[in-house]
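Colleague: got a sequence here, can you model it:
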Amino acid sequence: MYRVLRVVVLAGLALFTLVPLYVMVISSIKPLKDVQGPFTWWPSQVTLSPYVEMWRTVPLATYFVNSVIVALAATGCSTLIAVFAGYTVSRFRFAGRQPFLTTVLSTQMFPGILFLLPLFLIFANVDRVTGLQLINSREGLTLTYLTFSLPFAIWLLAGYFDSIPRELDEAAEVDGAGPLGALLRVVVPAARPGIVAVGIYAFMTAWGEVLFASVLTDKNTRTLAVGLQAYANQSNVFWNQVMAASLVVSVPVVLGFLVLQRYLVAGLTAGAVKS
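Modeller: Below is the predicted model of the structure:
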């Protein structure tokens with residue numbers, strides 16, 4: 001009975017996931033009139049024109065470049081800062097260590113929309129006082145995404161570093177390496193799964209975020225998640241191109257997850273347990 005129930009549940013979950021994906025793929029190869037008409041499980045005419053026209057209807061290439069730059073910048077900065085911060089929290093004892101970890105993790109309890117207006121006002125004041133433009137810029141959006149991914153990244157890596165024996169650090173110091181040398185030469189290679197997990201989390205957070213990107217960007221700095229809205233205008237919605245663009249947008253994340261999934265599982269498991 002348990003096996004039957006497990007098969008039924010897994011089959012239901014698989015259908016729940018695969019049916020929408022199938023509808024996206026089928027809709028992306030239908031002519032627009034077929035998509036706007038009654039739904040059919042198979043297109044009356046197969047066409048790949050939506051995958052060509054989607055680059056012309058909106059500046060999708062520009063949005064794609066913006067998303068890549070912002071996501072990679074947020075991932076790199078978040079991972080680099082989290083490595084040093086997590087190592088410090090894990091290996092050194094200082095006043096306020098536990099409150100710092102608690103505060104870092106507690107920021108994940110608040111909804112993102114709570115920080116939208118304060119961040120916008122801060123960026124506007126920074127622009128007014130220093131002339132540094134953070135609104136409608138990739139730099140401002142990257143800085144915003146750091147506030148999302150960095151707390152969780154620090155907490156996860158601190159837990160992962162706790163799972164690495166301190167004897168490795170001591171052996172490196174005996175060989176003449178200082179704390180920084182021990183981190184870079186010994187601890188970082190041993191913590192590769194945790195670092196990859198943090199990188200994937202930061203990249204996915206930046207790649208698919210919509211709320212802040214819709215407020216803090218303009219037509220020149222818009223990302224893919226927001227740019228997909230441009231396929232809808234006052235007179236029409238190009239649903240086949242929306243489906244095609246959505247599939248193209250998903251490719252980098254899906255490929256990255258498939259390549260690095262073993263590191264992701266190991267990193268999340270070890271980091272969460274020890275924290």
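Colleague: quick one: the helices in this protein?
Modeller: 2-28, 32-36, 49-57, 60-91, 97-106, 116-130, 138-162, 166-174, 179-182, 188-190, 192-208, 211-216, 224-227, 239-274 (DSSP state H).
Colleague: can you tell me what sits against the third one?
Modeller: Contacting residues not belonging to helix 49-57 are listed as 28-32, 60-61, 230-231, 238, 240-241, 243-245, 248 [C-beta atoms under 8 Å, 6 or more residues apart in numbering]. C-beta: built from backbone N, CA, C; applies to glycine.
Colleague: 6 Å instead?
Modeller: For helix 49-57, contacts defined as C-beta atoms under 6 Å, 6 or more residues apart in numbering pick out 28, 60, 240-241, 244-245.
Colleague: including neighbour count, could those go into CSV?
Modeller: CSV is the format used below for those (neighbours: other C-beta atoms under 10 Å):
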residue, neighbour count
28, 24
60, 21
240, 27
241, 26
244, 26
245, 26
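Colleague: of these, which is the nearest to residue 175?
Modeller: Closest to residue 175 out of the contacts of helix 49-57 is residue 60 (52.1 Å), distances taken as C-beta to C-beta.
Colleague: quick one: residues contacting that closest one.
Modeller: So residue 60 contacts residue 54 (C-beta under 6 Å, 6+ apart).
Colleague: before we move on, what about the one 4 residues further on?
Modeller: For residue 64, the contacting residues are residue 224, by C-beta under 6 Å, 6+ apart.
Colleague: let's see that with 10 Å instead.
Modeller: 55, 223-224, 227, 245, 248-249, 252 (C-beta atoms under 10 Å, 6 or more residues apart in numbering).
Colleague: out of the residues you listed, which one sits closest to residue 163?
Modeller: Residue 163 lies nearest to residue 252 out of the contacts of residue 64, by C-beta to C-beta, at 29.8 Å.
Colleague: so how many other residues sit close to that closest one?
Modeller: 17 (other C-beta atoms under 10 Å).
Colleague: now it. Nearest residue, chain neighbours left out?
Modeller: Using C-beta to C-beta, 6 or more residues apart in numbering and skipping residues adjacent in sequence, the residue nearest residue 252 is residue 207, 7.2 Å away.
Colleague: what do you get for residue 249?
Modeller: Nearest one to residue 249, counting by C-beta to C-beta, 6+ apart, is residue 224 at 4.9 Å.
Colleague: what score does the one you found have for pLDDT?
Modeller: The predicted structure scores residue 224 at 88 on the pLDDT scale.
Colleague: gap between the spatially most central residue of the chain and residue 139?
Modeller: For the chain, residue 204 is the residue whose C-alpha lies nearest the centre (C-alpha atoms, centre = their mean; 1.6 Å). Using C-beta to C-beta, to the nearest Å, we find residue 204 at a distance of 21 Å from residue 139.
Colleague: could you do residue 71 as well?
Modeller: Residue 71 is 14 Å from residue 139, by C-beta to C-beta.
Colleague: still on that earlier bit, are any of the contacts of residue 64 buried, and if so which?
Modeller: 223-224, 227, 245, 248-249, 252 (16 or more other C-beta atoms under 10 Å).
Colleague: in TSV: the residues you listed, plus distance to residue 102.
Modeller: Converted to TSV, those look like this (distance: C-beta to C-beta, whole Å):
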residue	distance to residue 102
223	32
224	35
227	38
245	41
248	41
249	36
252	34
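Colleague: tell me the one of the residues you listed nearest residue 160?
Modeller: Nearest to residue 160 among the buried ones among the contacts of residue 64: residue 252, at 24.9 Å, using C-beta to C-beta.
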